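# Build the 3D model from these lines:
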Amino acid sequence: MVAILAADVVGYSRLMGLDEAGTLARLQALRREYIQPLIDQHHGRIVKLMGDGALVVFASVVDAVACAVEIQKIVHEQNLDQPDDSRITFRIGINLGDVIIEDDDVYGDGVNIAARLEGLSDPGGIVISGTAYDQARNKLGLAFKSFGEQRLKNIAEPVRVYHVLLDRAKGAKKPRPRRWYLPVVGLVLAALAIGGALMAWPQAIALLPRLGSDMGGPEAQKPSIAVLPFGDISDDAGQEVFAEGLTNDLITDLSKISGLLVIARNSAFTFKDTSMSVRQVAEQLNVRYVLEGSVRRAGDAIRINVQLIDANTGRNVWADRYDRRYTDIFALQDEVIEQIVGALAVRLSDRERTQIGRLPTRNLEAYDFYTRAEQKVYTIDYGSLGEALSLYEKAIKLDPEFADAHTGYARAIVDVLGFDYQPLMLSAVARQRAYEAAGRGLELNPQSARAYAVLGILQMFDGEIDEAIASVNKAVALDPNGAESELNLAIVLTYAGQNPEALAAMERVLQLDPKPRAQVYDYYGLVLYMNHRYEEAISAVRTVRPEEPSDLGLETLAMANARLGRMAEAQKAVEAILEKSPGQSLASLRVVYSHHRRQADLDNRLDALRLANFPEWSYDFRGQPENRLNAQEIRAMTIDKSWTGHQYDGVTFFMELSTSGDFALRAQDSIIVGKFTIEEDFLCTRSASTLLGRKFCSPVYRNPGGSAEKHDEYVLPDSASVWYFSLAS
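The predicted structure follows:
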């Protein structure tokens, strides 16, 4: 499935007849100096040049349309100095459709439609198909005019046709080109856990595009399917985990098939133990097909009943019963997948067939631990995450070559970072182990989408935005139905400053996961805010938990309401944040979100929060300029000195600062070590234990009411507290 751009020169034969050498030279110059660079910039590939014409493919419709607009603008500008009768003018047609790729060439109706659309274009114009329009509208600030359904030569079905109104495109948004090269923090990393939380929010469905047979765009041609949790009918009640694991594995394998649209695990599991009919489930998830079944296990013997149902008719497309040994579980899963693929007439690529047929492990005890870990990791709390880590470790110990266990472990560790579960694993250790586990997973299985998704988030936090984009795009390519991979793509694109593309990815997430966990809607709200769609951002956050949004949701409510001038609502959201985390400040958020590639995006968030009266420093500390110390004064009280004092809440601390720039801080039962520097008139500290090892710079003030006896002669506001201290004698 690619975007195809077909272009040719208007009146080429006439131009060649008038001045063959001049026309050819000017056409070649246009291609070399302007058109080829624009195609490269928008990640296109020229498939063939045909004298006066060209066929170009793009992975993204947005890129294809943006490129076409730029081409027509450049060609128009180059023609201004040419006589009317010798101007080179292009017609362009764009379609999104299936193609057959063979020996670097492309064939099929997708190509033919693009060529026919080009013939419908006015000179200097662009015509796109309905499938392309569905993906490009509202993404580039362009206007379109519908020409309804048109019959195209040698194309069986009518095609919806739209003209791009280039005369209104002067103020159109110019997308930041995406780069395709080969991560605080709970506000973003929670997105990695979207597979969990078995909760349903029916009101959320109203926000989503339809996914079934009435869905527009390229997905309309794909069979859509939901795999419901298999029922456990074993005499042993403890076998429910096995039934859930089987369901999860089937969803995972089906998701790798690009010819299907597969609903994510989270949404499918919201229907566990419900009494809804298949038709009702299909309507809520917007799918045509539903796979359901039951499992009975007794010792090593298992019996599985499974049926694939067409929700439109209520009839079984295929059903079967399997009596096997537990040792045959992987072969059984492969057989079920083959039956589904065959029943839906879906063609597998060689890579997809290899990935689905890949044996995850030969150690069934390791597989059992892995399956149990997968059930735990979707419940985001301290206890469940700790159990999941332990279970993954047991699986890896039993089979060090178990790639999925390594990548599952990496993903769980990222949640440890995201939710700041320091007692489970210190941040510095967690970051290193996440990288190592994801890397090991890729060594064992270079096609692991989950490993690439984890790497993308880690790279984003390290400021390696281009590498992060490459990683998450690889994850999406390997797992075309992976809501988790798609969400990570949206996250990385947001911090890369590619906000329209991030919104498109979020909309895809909600197609694949119509009943996501609340954190997904919180992030959806942020992406909408970054696209200046403030009303929709508020609506998204309020959709799934209107009473108690997360910190990220509250931030979005504060920012969007502030931008809309609703200061009372904005300040109410800020008060809710500070009630939960009194030490929050703009100074800390500036560090937390410092992986924004564009300063303008970071400022967009912080400036809106400032409008909503978010405090600049922890506990709204406001030092007076006349009390602030300069760099020389700070240096005199830090180099080879010791501090003693207390925090804002009265907790005492002792801090040592060495000549070499090391510091060690002890408060209650914790010790934090790191490095310090003096930069301009700020004291800057960096510790692997806080803020992902990022540097935080603070001013230092004299405390007019302090004394040496009370150990509070000076004041240092930092990322989460305010420190009152004196020099230790």
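# who touches the strand or helix carrying Glu335?
Assessed by DSSP states H and E, Glu335 sits inside helix 329-343. Residues outside helix 329-343 that contact it (CB atoms under 8 Å, 6 or more residues apart in numbering) are 225, 246, 249-250, 253-254, 257, 291, 302, 304, 306, 308, 317-318, 320, 322, 324, 348, 356-357, 359-360, 364, 367. Heads up, the C-betas are built off the backbone N, CA and C, glycines and all.
# try it again with 6 Å
Residues from elsewhere that reach helix 329-343, judged by CB atoms under 6 Å, 6 or more residues apart in numbering: 249, 253, 308, 317-318, 322, 324, 356-357, 359.
# Let's have those residues in TSV, adding neighbour count.
Conversion of the contacts of helix 329-343 to TSV gives the following (neighbours: other CB atoms under 10 Å):
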residue	neighbour count
Asp249	21
Asp253	21
Leu308	21
Val317	18
Trp318	17
Tyr322	15
Arg324	15
Ile356	18
Gly357	15
Leu359	8
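# Which two of those have the greatest separation?
The span of those, defined through CB to CB, is set by Val317 and Leu359 at 28.0 Å.
# show me where the stretch 501-650 of the chain has helices.
Taking DSSP state H, counting those that start in this stretch, the helices of the stretch 501-650 of the chain run over residues 518-530, 534-544, 551-563, 567-580, 586-592, 599-611, 631-636.
# And the ones you listed: which comes nearest Leu15?
Set against Leu15 and scored by CB to CB, the helices of the stretch 501-650 of the chain come closest in helix 599-611, at 44.6 Å.
# and Asn561, what does it touch?
569-570.
# If we use 10 Å, what do you get?
Residues in contact with Asn561, defined by CB atoms under 10 Å, 6 or more residues apart in numbering, are 534, 537-538, 567-574, 608, 611-612.
# do the same with Met276
Here Met276 is in contact with 228, 282-284 (criterion: CB under 10 Å, 6+ apart).
# Narrow those to those in strands?
Nothing among these maps onto strands, per DSSP state E.
# now, which of those sits nearest Gly408?
Using CB to CB, the contacts of Met276 come closest to Gly408 at Leu228, 22.8 Å.
# How many residues are close by that closest one?
A count of nearby residues for Leu228, using other CB atoms under 10 Å, gives 23.
# Isn't it up against Ser277?
No. Assessed by CB atoms under 10 Å, Leu228 is found out of contact with Ser277, at 11.6 Å.
# who touches both of these two?
Common contact partners of Leu228 and Ser277 (CB under 10 Å, 6+ apart): Val290.
# for the stretch 351-500 of the chain, what spans make up the helices?
Using DSSP H, counting those that start in this stretch, helices in the stretch 351-500 of the chain cover 364-377, 382-398, 403-418, 427-444, 449-461, 465-478, 483-495, 499-512.
# again with the stretch 51-200 of the chain
Ranges of helices within the stretch 51-200 of the chain are 61-79, 109-120, 130-136, 186-189, based on DSSP H, counting those that start in this stretch.
# How about the contacts made by Tyr289?
Tyr289 makes contact with 212, 223-227, 260-262, 278, 282, 308-312, 317-318, 340, 343-344 under the criterion CB under 10 Å, 6+ apart.
# my bad, should have said His646
652-653, 667, 710-712, 722-725.
# what do you get for Leu27?
9, 12, 15-16, 35, 49, 51-52, 88.
# Mind picking the two most distant members of these?
The widest separation within these (CB to CB) is 18.7 Å, between Met16 and Ile35.
# When these two are compared, which one has more neighbours?
Using other CB under 10 Å, the more surrounded residue of Met16 and Ile35 is Ile35, with 22 against 17.
# Excluding chain neighbours, give the residue nearest to the more buried one in space.
The shortest distance from Ile35 to any non-neighbouring residue, by CB to CB, 6 or more residues apart in numbering, is to Ile71 (5.8 Å).
# And that neighbour, what's its pLDDT?
In this prediction, Ile71 carries a pLDDT score of 90.
# check contacts around it.
5, 7, 30, 34-35, 38-39, 42, 54, 56, 90, 92, 126 are the contacts of Ile71 under CB under 10 Å, 6+ apart.
# separation between Pro360 and Leu246?
Pro360 is 13 Å from Leu246, where distance means CB to CB, to the nearest Å.
# what about the two, which has more around it?
Leu246 (25 against 19).
# So that one versus Arg296, what's the distance?
For Leu246 relative to Arg296 (CB to CB), the value is 12 Å.
# Over to Gly245?
Where Arg296 is concerned, Gly245 sits at a distance of 15 Å (CB to CB).
# quick one, which of those two is more surrounded?
Taking other CB under 10 Å, Gly245 and Arg296 do not tie; Gly245 has more neighbours (21 against 18).
# The more buried one touches Tyr370, doesn't it?
Yes. Applying CB under 10 Å, one finds Gly245 in contact with Tyr370, separated by 8.3 Å.
# Quickly list the domain ranges of this protein.
Here the domain parsing of the chain from automatic domain parsing is 2-168, 208-358, 623-727.
# which stretch in these is the model least sure about?
Set side by side, these give their lowest mean pLDDT on domain 208-358, at a mean of 76.
# now that one: how far from the chain's centre is it?
Distance of domain 208-358 from the chain centroid (CA atoms, centre = their mean, to the nearest Å) equals 25 Å.
# got it, and stretch 599-607?
20 Å.
# Stretch 126-145 now?
23 Å.
# before we move on, what about stretch 602-612?
Worked out by CA atoms, centre = their mean, stretch 602-612 lies 23 Å from the chain centre.
# what's the distance between Asn644 and Tyr724?
Quick fix: residue 644 reads Thr, not Asn. Counting by CB to CB - Thr644 and Tyr724 are separated by 10 Å.
# How about Leu692?
27 Å.
# same check, this time on Leu489
Leu489 sits 45 Å away from Tyr724, going by CB to CB.
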